[in-house]
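# no sequence for this one, just the structure:
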């Protein structure tokens, strides 16, 4: 069990790593947030590549540094590409993040989410409703908004970590991250992040970028969420509304420093 | 026939309603504007959900508060999902908005638009060319820009209202809204709204959000257009060009007040 | 061989033409940048139309002023629409721009890019890796980032111009444009353009807009790249990061003047 101070120190180093390599992050994500997600990665210093068609998704997943699979608008061709990419990622050792958007109620994505869960994602990121549904409990949410409390997802997160052998990140007013052994709560972030579409989805891509720079995926996932939520706080200081916040947030991902993180991060 | 003052008063109440519920708005819209549309809804205070695949679109339309069907980039899978969603919406009583982008000339979307028209949308929103074409007159425009004058669409709007039994909204320098009995012209708005892609399309989504809060769909459609065009005027005051306008506009949807509307709205 | 001064003078006239007609630019482009591309065109003063489905793409290409085909996320339906649109464009004399994103390594788009190359695009725009790969040399890049030096692509650009009979534009820190006879290097631009997704892709659309206003496609391609990169420099003066840069850049495309171009353009 590392201390918050150790994890914050790791976060600062990992941010440097992301900016200096940079990792090539393949995203199979939904049509709503694909532009925002690419811009978040570019601003952070990573290299996005939205290679999302069957016949290419697998080939690319073998050479990518990290992979995001987000189920927000799972068209038939994308569903095939997701399975192809994940299979290749597992074969090649590429870390991958599953974001099971709105799993539970919707009849196409729900069985796909369970099938992908059973392929053992390196990281699962969702809101409380989604984590509960993916663990096989509850009925899921109606969309990207969580109707359960984050803390209520804690048992589900532990159960899911047991199923996947990976890291589970529950987004909410307080973020919870666990690998079934260690557990961290992150008290950073800002409500405006929930007023920008992709505010949660793009975090999954950032987790894939950080997963590429170190094999300690509990720590890289904590690092991703910490950098992301601290940048949100910096952006909120100058925002006049959701859209100026989004602009300032993407800017902040390019400029956030180790000092900002050391000064602001609240892990417990 | 209500007075402009009565409609403006209704608009202020309806805006409060949208922000306090908030309505869950399903959007089947085009790939160009899907991100902007979701951000417009989020900033306004509504909850967007872009559930747009066959097998899910219908199930979601049953629980959604409102539905938008926009024909901008109607891929085959989306066309199937649109019919599925509209059928379910009609069955469940979910109000829905049809935006027949570029109907008239283009050979795939035009018969689809007519078929959807005959399913009796709660609201149709388009520019003058599109309303004329959907009423079965004229040849439609080349795209989202209107080449007919808004007033020239008046007869078509009345005819279309007769066909659908719903509300028809004609967007242009002056917006015209009628249900075949009442008629309002809205003199608000700003030309910069035509320099942002989705400036018209996202209004259809806002009309779906407002339709969810009251059964008086003539009044909710007027309210949506009034809030939207007043926010555009507020945004234009600080804009340096089309993109800073778009940012300020989305911000303004979060901050526009009943006082702004009472002070600025010009209905006649 | 025209002098840089002659080309700059042409650029200013062509910008006036684009703003006064305006050209109707059909874009079959990738899902990541489709919104940004439309906004770039609208801000510049052109009329974008993302008509991208089989059954409509060809009909529209016959009436469009210019066409962009970008291979970034080539879904099956889009691939069919691309071939349909290009065939119609060639038949109707509509100028078209090919952007062979990530050609070389990826197994679906690579044969499509070669097939489209052989249909003789009016303009090919890519980074050095892509131009080298499309000429049949090298293995291409991993995505939109070029890993070859722009100057190293010079021989490939000449070879490709010979194959297509058209103009080849190599984007990079220095842009190179040749039709196999004339050659220009453009020293304008800003590194922030590489931190915004679509920074390169939208330039292809702008080249299609400019190709619509004059048959001298070497000069219109130079004009497009010059206006675009000068606007980037103007935007960078006020940017705090990649996203505020993107906003200022789109604004600048609406406001950039002949004087800005005359004062800043560095062609050689």
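Sure thing, it's come through. Note that the structure is a prediction, hence the values are computed from the model and not measured.

# okay, CA-based contacts and neighbour counts for the rest of this
Noted.

# where does the stretch 151-268 of chain A come near chain B, residue by residue?
For the stretch 151-268 of chain A, the residues in contact with chain B (CA under 8 Å from any CA of the partner chain) are A:195-197, A:240-244.

# residue in the stretch 101-250 of chain A with the shortest distance to chain C?
For the stretch 101-250 of chain A, the nearest residue to chain C under the criterion CA to the nearest CA is residue A:247, separated by 5.2 Å.

# in a strand, that residue, correct?
No. Counting by DSSP: H, G, I helix; E, B strand; the rest coil, residue A:247 is not part of a strand but helix.

# and the pLDDT for it?
Per-residue pLDDT puts residue A:247 at 98.

# ok, and the closest non-adjacent residue to it?
residue C:243 (5.2 Å; CA to CA, 6 or more residues apart in numbering or on different chains).

# which ones are touching that neighbour?
A:39, A:43, A:247-248, A:250-251, C:196 (CA atoms under 8 Å, 6 or more residues apart in numbering or on different chains).

# same thing but at 10 Å, please
Counting by CA atoms under 10 Å, 6 or more residues apart in numbering or on different chains, residue C:243 touches A:36, A:39-40, A:43, A:244, A:246-254, C:192, C:195-197, C:249.

# repeat that for residue A:42.
By CA under 10 Å, 6+ apart, the contact list for residue A:42 reads A:19, A:22, A:36, A:48, A:250, A:253-254, C:194-197, C:242.

# tell me which element it is part of?
Here residue A:42, judged by DSSP states H and E, is contained in helix A:34-44.

# likewise residue A:177?
Secondary structure assignment for residue A:177, by DSSP H and E: strand A:175-178.

# quick one: mean pLDDT over that strand.
Mean predicted confidence for strand A:175-178 is 97.

# just want the angle from the lengthiest helix in chain A to helix A:34-44.
Ranked by number of residues, the top helix in chain A under DSSP state H is helix A:217-236. Here the directions of helix A:217-236 and helix A:34-44 differ by 100 degrees (axes from the mean of the first three to the mean of the last three CA atoms, to 10 degrees).

# run the chain-centre distance for helix A:217-236.
Here helix A:217-236 is found 10 Å from its chain centre; the criterion is CA atoms, centre = their mean, to the nearest Å.

# tell me if it is near chain C.
No. On the criterion CA under 10 Å from any CA of the partner chain, helix A:217-236 is out of touch with chain C, staying 11.5 Å away.

# residue A:217 reaches residue A:209, doesn't it?
No. Checked against CA atoms under 10 Å, the pair residue A:217 and residue A:209 is beyond contact range at 11.0 Å.

# now for those two: what residues contact both?
residue A:95.

# okay, the two: which has more neighbours?
The neighbour comparison of residue A:217 against residue A:209 (other CA atoms under 10 Å in any protein chain shown) goes to residue A:209, with 36 against 21.

# where does pLDDT dip in the stretch 51-200 of chain A?
Within the stretch 51-200 of chain A, the stretches with pLDDT under 70 are A:137-151.

# could you redo the last one with a cut-off of 80?
A:137-152 (pLDDT under 80).

# for it, what spans make up the strands?
Counting by DSSP state E, counting those that start in this stretch, the stretch 51-200 of chain A has strands at residues A:66-70, A:96-99, A:123-127, A:167-171, A:175-178, A:183-186.
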